[in-house]
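Colleague: structure for the following, please:
(2 chains)
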Number of protein chains: 2
Amino acid sequence: MANEVLTDYVAAAAAVMQQAQQAFEAYKKVDAHARAVFLQQISAAIEAAREELVAAAHEETHLPLPRLNGEISRTTGQLQLFANLLQEGSWVEAAIDTADDTRTPARPDIRKMLVPMGPVIVFGASNFPFAFSTAGGDTASALAAGCSVVVKAHPAHEKTSQRMFEAIQQAIATCKLPQHLVQHVSDTGIHLAKALVQQELTTAVGFTGSLAGGKAIWRYANERERPIPVFAEMSSINPVVLFPGKLRQQPQQLAQQYAASITLGMGQFCTNPGLLLAIKGEGLNEFLQSLSDEIKRVAPQSMLHEGIYKAWQRNVNTLLEQQDAELLVQSAQEAGAIAPLPVIARVQAQAFIANPVFKEEVFGPFSLVVECADKEELKEVLAQVKGQLTTTLMATEEDLAAHQDIVEIQQSLAGRIIINSAPTGVEVCAAMVHGGPYPATTDARFTSVGSTAIQRWVRPLCYQGFPDALLPDALKNANPLKIWRTVNNQLTNAAL
Amino acid sequence: MANEVLTDYVAAAAAVMQQAQQAFEAYKKVDAHARAVFLQQISAAIEAAREELVAAAHEETHLPLPRLNGEISRTTGQLQLFANLLQEGSWVEAAIDTADDTRTPARPDIRKMLVPMGPVIVFGASNFPFAFSTAGGDTASALAAGCSVVVKAHPAHEKTSQRMFEAIQQAIATCKLPQHLVQHVSDTGIHLAKALVQQELTTAVGFTGSLAGGKAIWRYANERERPIPVFAEMSSINPVVLFPGKLRQQPQQLAQQYAASITLGMGQFCTNPGLLLAIKGEGLNEFLQSLSDEIKRVAPQSMLHEGIYKAWQRNVNTLLEQQDAELLVQSAQEAGAIAPLPVIARVQAQAFIANPVFKEEVFGPFSLVVECADKEELKEVLAQVKGQLTTTLMATEEDLAAHQDIVEIQQSLAGRIIINSAPTGVEVCAAMVHGGPYPATTDARFTSVGSTAIQRWVRPLCYQGFPDALLPDALKNANPLKIWRTVNNQLTNAAL
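Modeller: Sure, this is the predicted structure:
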């Protein structure tokens, strides 16, 4: 690409970030209750545009209407979660250590709370056109924190993104907030993304997408003179351990549950169970037979776009070409143009251990069964698995009691550990962690789903010796916001 | 350097990290109360070795005995702070969202708490041989979190560091903890540091030191395939704004206070006030006259080591050679071999704005006065200042009322904002922030001092559908630890 074109991207990014900075300067003075109202107004504007949004997303992503309607509800639910968090107010982690004049030297009055970082960039995901995109969790949590936001639309659903942006703009107008509080930019390549991430005024980045995409964004950030945090949620195969007792107890029920989970939304979930680990035996054989029967019956649906379909095909083929890889079953229904036939492959433990290809994500309706000779081999396999968003145990009480060491290993692998359920389905709540060790994310200390997702966009600011009148409300003696605070190491919601 | 020597460093680092990993596997099962006892045992061992430690540090760093004794107390105080935090227990941020079978689909039981990351590397600082070194805040907070620690001794006080490590080893033995829970390594160059940071098993890094050193460590971490968080506290000139009313009110008292703060410990503090900003006028003239009188009387002390002394000399000379830089005053006492005569320089606002040299840290007894024509010029100067650990306002109530815009700008600059005190002196408490935007640190979202310093070493782990008996105590229904938890979005210390 010619230099002058790259210069244009940089100039465009600079202009966008100048506007984002100006909007931030105004928005950071907007109190938490007004920010909550703003989030609710976005939610109301989305609800009003629900039909249009769902229709646009259906056209662009091929996701079924009920799923898209559900995702709209999830998106407005997320906005409401953060509105509630703001109204409750304790999330700012206010801490107060009062002065002590009797000490030598005298101890000053010291208070702290979380404040917004500044303008942030959000990259929408292809697989959730609403909940992880333009007005999704990253945008909602960043606006809740008090940041201004620049959304880079995902090219695979740009019209949907544009329509969603209009809903946000409507809420901005209703609430009389700065016009550029949220901005919306488009580019089919990487140049604008890179330029935005590298702009001096950018203070943090949120990304949901592929490992290659997330690592590129992370690299751009690290080329900066001034480092900024990048939270990229990227890649996960979500290993499921099927324990012997559970397999013997209910192989068919398990097979139904997992056939559904593996092919839910054509497997286009970050939490898709891509790896099934089990110890050989009759229970496993029965389970795999039932799983095969179930998979054969799964009717294919179109994937999000042709690129994702082709990548799935390529990845499945590559995996099946590996030595010792075995095609266990493929759906026996009719494939569509970009609607693939779900695949389950099988490999023995030592082959899995020896070959890195088996450990990579195959995004789409696919799962790899790894058969282990015994518990020790299962542990060897788990030791080879990289960082994950989730890991699951399908187990009876006896299984759990007999495999404490496995449970312990799994805890070190992922951000969320699940017993006797499928990993697909991510609750939006205070206790959720949608994060985990690399390559699941770039920073295991944060989550992109749930109320603590807000922590990605804030920094602590300490006020020393401030007169009460000059302190933010969260730190004033009278505790006018009635929030929980740590006062001289004790949690309290009382006034000082 | 020959390749085989580099290979040796990598092999040495690999062996150290293997041991650290094994120690972590055992230590992560040690409960919080036992970890608290361990921290107290380190504290007791330090207290028992106080005289030896102070003597060793005095010899290696030239810091005066009272200061070193005070620093020992601060170090044991830090260990006690984290022991208290562990005993209280709520720092794990436990959150519980209970199941809801009436919802469609049913909501599972979801619980979350903070868990340790794994083995971490701590780089000790030259200027605090105890409080920011071997058993300092980074080590104390990482051990409190449940991590194993590899300390890289600072070459400027290696004997002190070794003696401190022996105290830690004694506590490890007393508490029957894994031998390699804390390891101590030495190297005068960067090769071992690089190898340690780049080892696969390393999960996080803490660093206190120079901008060059911190950036190097950060770069090594970012060359890794798997990113890890680096918290480096590096560089700060801690701008102080002297407001007109305050200057008129008590110029002499201010001068005394700041002469003492600038030269405290020969200015070898991260929070040394390296930049004094003021609007021209009679108050400023009187202040500078008094400051000059005070500085002339300051008796030099030896700096930490020759390298720091020479860097100070070089940096002061470079700054004074810049166009429009003016030597305001230098101590009129007698210099020692590595004991410099404190310097105050002066520059006009526009010259400061135009020249990046004036914005760099001069580590040691030095401060630069920037004279502004009016408030607008003061704002222009502040806009040029990079991220800081602290910023201070010396102001009357009238000053504050008249300069709200300045106060607001200062809040965006630093991790701590101080009214009417000197920035030197960092309280170890819950509300402290010793952090700030780059180049003060590599990640403004964290602090290296105070109880929340522990947040650098932990990640959230979510448990879904776990039977009560298999949950960690912090998440059990009965709340056996009696900690504060967020249960269905309400903070409570009750049982479920």
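Colleague: list the contacts of the one helix or strand residue A:328 maps to.
Modeller: Using DSSP states H and E, residue A:328 sits in strand A:326-330. For strand A:326-330, contacts defined as CB atoms under 8 Å, 6 or more residues apart in numbering or on different chains pick out A:288, A:291-292, A:295-296, A:320, A:341-347, A:369. All C-beta atoms are positioned from the backbone trio N, CA, C, and that covers glycine.
Colleague: what do you get for stretch A:63-81?
Modeller: Residues from elsewhere that reach stretch A:63-81 (CB under 8 Å, 6+ apart): A:39-40, A:42-43, A:46-47, A:50, A:53-54, A:57-58, A:61, A:128-131, A:135-137, A:140, A:265, A:301, A:304, A:428-429, A:450-451.
Colleague: can you pull the buried residues of that stretch?
Modeller: Going by neighbour count (16 or more other CB atoms under 10 Å in any protein chain shown), the buried part of stretch A:63-81 is A:63, A:67-69, A:71-72, A:74-76, A:78-81.
Colleague: in helices, which of those fall?
Modeller: A:67-69, A:71-72, A:74-76, A:78-81 (DSSP state H).
Colleague: follow-up on the earlier one: what are the pairing partners of the strand holding residue A:328, and which direction each?
Modeller: Paired neighbours of strand A:326-330 in the sheet (DSSP bridges): strand A:343-348 (antiparallel).
Colleague: picking up where we left off before, and which of the contacts of strand A:326-330 is nearest residue B:279?
Modeller: residue A:342 (71.8 Å; CB to CB).
Colleague: just to revisit the earlier point, which one of the ones in helices among the buried residues of stretch A:63-81 sits closest to chain B?
Modeller: Chain B lies nearest to residue A:81 out of these, by CB to the nearest CB, at 8.9 Å.
Colleague: what does the pLDDT read for that closest one?
Modeller: pLDDT recorded at residue A:81 is 97.
Colleague: quick one: it from residue B:489, how far?
Modeller: 9 Å (CB to CB, to the nearest Å).
Colleague: residue A:491 bridge partners, please.
Modeller: Here residue A:491 shows beta-bridge partners residue A:486, assigned using DSSP bridges.
Colleague: does residue A:435 belong to a helix, a strand or coil?
Modeller: Following DSSP: H, G, I helix; E, B strand; the rest coil, we place residue A:435 in the coil state.
Colleague: show me the contacts for it.
Modeller: A:231, A:233, A:389, A:415, A:441, A:443-448, B:459-460.
Colleague: 10 Å instead, please
Modeller: Applying CB atoms under 10 Å, 6 or more residues apart in numbering or on different chains to residue A:435 gives the contacts A:231, A:233, A:387, A:389, A:414-416, A:441-450, A:452-453, A:456, B:459-462.
Colleague: so which bits of the stretch 151-300 of chain A are right by chain B?
Modeller: Counting by CB under 10 Å from any CB of the partner chain, the stretch 151-300 of chain A comes close to chain B at A:203-204, A:215, A:218-219, A:221-230, A:232.
Colleague: list only buried entries from those residues.
Modeller: A:203-204, A:215, A:218, A:221-222, A:227-230, A:232.
Colleague: report the two of the residues you listed separated the most.
Modeller: A:203 and A:215 (20.5 Å).
Colleague: quick one: the residue of the stretch 251-400 of chain A found nearest chain B from residue A:381, how far?
Modeller: Of all residues in the stretch 251-400 of chain A, the one sitting closest to chain B is residue A:400 (6.2 Å; CB to the nearest CB). Residue A:400 is 19 Å from residue A:381, where distance means CB to CB.
Colleague: compare the two (neighbour count), which wins?
Modeller: Between residue A:400 and residue A:381, residue A:381 has the larger neighbour count (other CB atoms under 10 Å in any protein chain shown), namely 24 against 21.
Colleague: could you report the distance from the more buried one to residue A:371?
Modeller: As judged by CB to CB, residue A:381 and residue A:371 stand 10 Å apart.
Colleague: just the ones of the residues of the stretch 151-300 of chain A next to chain B in strands?
Modeller: Filtering these for membership in strands, criterion DSSP state E, returns A:204, A:230, A:232.
Colleague: without its sequence neighbours, what residue ends up closest to the first one?
Modeller: Read it as residue A:204. residue A:120 (4.5 Å; CB to CB, 6 or more residues apart in numbering or on different chains).
Colleague: which SS state does the residue of chain A most remote from its centre fall under?
Modeller: For chain A, the residue at maximal distance from the C-alpha centroid (CA atoms, centre = their mean) is residue A:102, at 49.5 Å. Using three-state DSSP, the structure places residue A:102 in coil.
Colleague: same question, residue A:479
Modeller: Three-state call for residue A:479 (three-state DSSP): coil.
Colleague: now for the closest residue to it other than its chain neighbours, how many residues are close by?
Modeller: In space, and not counting its chain neighbours, residue A:479 is closest to residue A:495: 4.6 Å by CB to CB, 6+ apart. Close neighbours of residue A:495, defined as other CB under 10 Å, add up to 12.
Colleague: and what of residue A:257?
Modeller: With neighbours defined by other CB under 10 Å, the count for residue A:257 comes to 18.
Colleague: next: residue A:356.
Modeller: When neighbours are counted by other CB under 10 Å, residue A:356 comes out with 11.
Colleague: I'd say it and residue A:384 touch.
Modeller: Yes - under the criterion of CB atoms under 10 Å, residue A:356 makes contact with residue A:384 at 9.0 Å.
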